[in-house]
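Trainee: Here is my input; please provide its structure:
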Amino acid sequence: MRFLLSLAAFSLLGLAQPAFAAPERIEATYDLIWKGFHVSTAETVTELDGSHYFLGINIKTHGLLKMATGGHGTFEISGQLLPDGGVQPEALDADGYWDGDAFSQKLRYGTDGHLAAYEATRPEDWLKKNAREAVPEAMKTGPDPASLFVSLMQNPVNFSADAMDKPIMLRSFDGEAVVDWQLGCAAQPVTLKRSKHSPITGQAFECALETTTVAGKLLKEEKAKKMVKRGPRGRRKAVDLADVTPKVWLMAMGESDRLMPVRAQVPSEKGLVGLYLSKLSMDGTANGTSGR
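Mentor: The predicted structure is shown next:
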C-alpha cells in the first residue's frame, strides 16, 4: 500500500495561492511508464470548498504489472484547510489488492489533529517482513502523505534560490511511520518538449524530492537496494538505489497559474519509472496542452 500511496502523492502535488475564495475541482490523470510500457494509471480528484478538502485517488495497473500483481487501489481523504496555510486531516480510507493479497486502511483524527483511531488489514507475511518500531504518541499527528501536498497548494514555492539549496521541509504520518519530505526546486525553469506519453509542453521547474523516515522505522534492517543504470557508451552499471533522487517537474497551469506536477522520475530496483500528466481538468474545463 505504501508503494501505491507514494505514487498517489506524486500525483497530487500542486501549488497555488494561500486562499480558496470559491470551490475548486481538479481532475488529473497520470500514467506510469516503465521501459516504454504503460504499467499503471493514477486518476485523481481534488476538491477544495471553503475550509474543507477532499482527495479521491484511483490507481490501476496495466499490462505486465497487472498480470504479475493484479494491483489496484482506491483512496479517499478529507480534512480541513487551515487559515495559516496548513491542513488538518479528518479521515482516510483506503483499500485495494496487490500481488494476490487484499489490503485496507482507515485513519480517523481528533479535533486536535492527532490520530484517534487506526485500523489496517495486511497479509501475515507482509506484516512479518515490514514490522516497524512504535511511533511515539506525540508524533501520531497528520497530515498523511497525500494531504501534505494540499498544504503545499496553499503555500506557493519560493523559486528565488539560485539552486536547490533552500528546500521546503514537510512531515507526514501515515498511521505506521513518520516521514520527513524535502522538496528543492531550481530557480530557473527548463523547457519540456512533447512526449509520446503526454501532450503537455512548456516551461517547468525541476525539483528534487527526498524522504527520511524519522519514526516507525523497520525493525529488520533492509539490505542496500541496487538499480542498474546505463553509463557512457551504453554500459550498464549498478548503483545504490538510495543514491538516486526522485525528480518532479512543476508547471504553471490554468488561469491562476497553479503549479502542477507534469512529469516525474522515480527510481526502483527495476529501473526508473516515469510519471506523466496525460489529462487535466480544472473546475470542469479541460486545460490546454502547454504551460506558461
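Trainee: so where's this structure uncertain?
Mentor: When the per-residue scores of the chain are filtered using pLDDT under 70, the ranges that remain are 1-22, 64-70, 152-166, 226-234, 241, 256-258, 284-292.
Trainee: ranges for the helices of it?
Mentor: 2-11, 63-69, 124-129, 147-153 (DSSP state H).
Trainee: does the residue nearest to Ile26 when sequence neighbours are not counted have beta-bridge partners, and which?
Mentor: On the basis of C-beta to C-beta, 6 or more residues apart in numbering, the spatially nearest residue to Ile26 that is not a chain neighbour turns out to be Thr46, at 4.4 Å. (Glycine included, C-beta is placed from N, CA and C.) Under the criterion DSSP bridges, Thr46 forms beta bridges with Ile26, Leu55.
Trainee: Thought His52 was touching Thr46, still the case?
Mentor: No - when contacts are counted by C-beta atoms under 8 Å, Thr46 is not listed as touching His52 (11.8 Å).
Trainee: Those two: which has the busier surroundings?
Mentor: Thr46 (23 against 15; other C-beta atoms under 10 Å).
Trainee: and the gap between the more buried one and Gly254?
Mentor: Thr46 is 13 Å from Gly254, where distance means C-beta to C-beta, to the nearest Å.
Trainee: next one: Asp144
Mentor: 25 Å.
Trainee: More neighbours: which of these two?
Mentor: Asp144 (24 against 20).
Trainee: wait, doesn't the more buried one sit right on Asp174?
Mentor: Yes - in terms of C-beta under 8 Å, Asp144 counts as a neighbour of Asp174; the distance is 5.4 Å.
Trainee: tell me, what's touching these two both at once?
Mentor: Here Asp144 and Asp174 share the contacting residues Leu107, scored by C-beta atoms under 8 Å, 6 or more residues apart in numbering.
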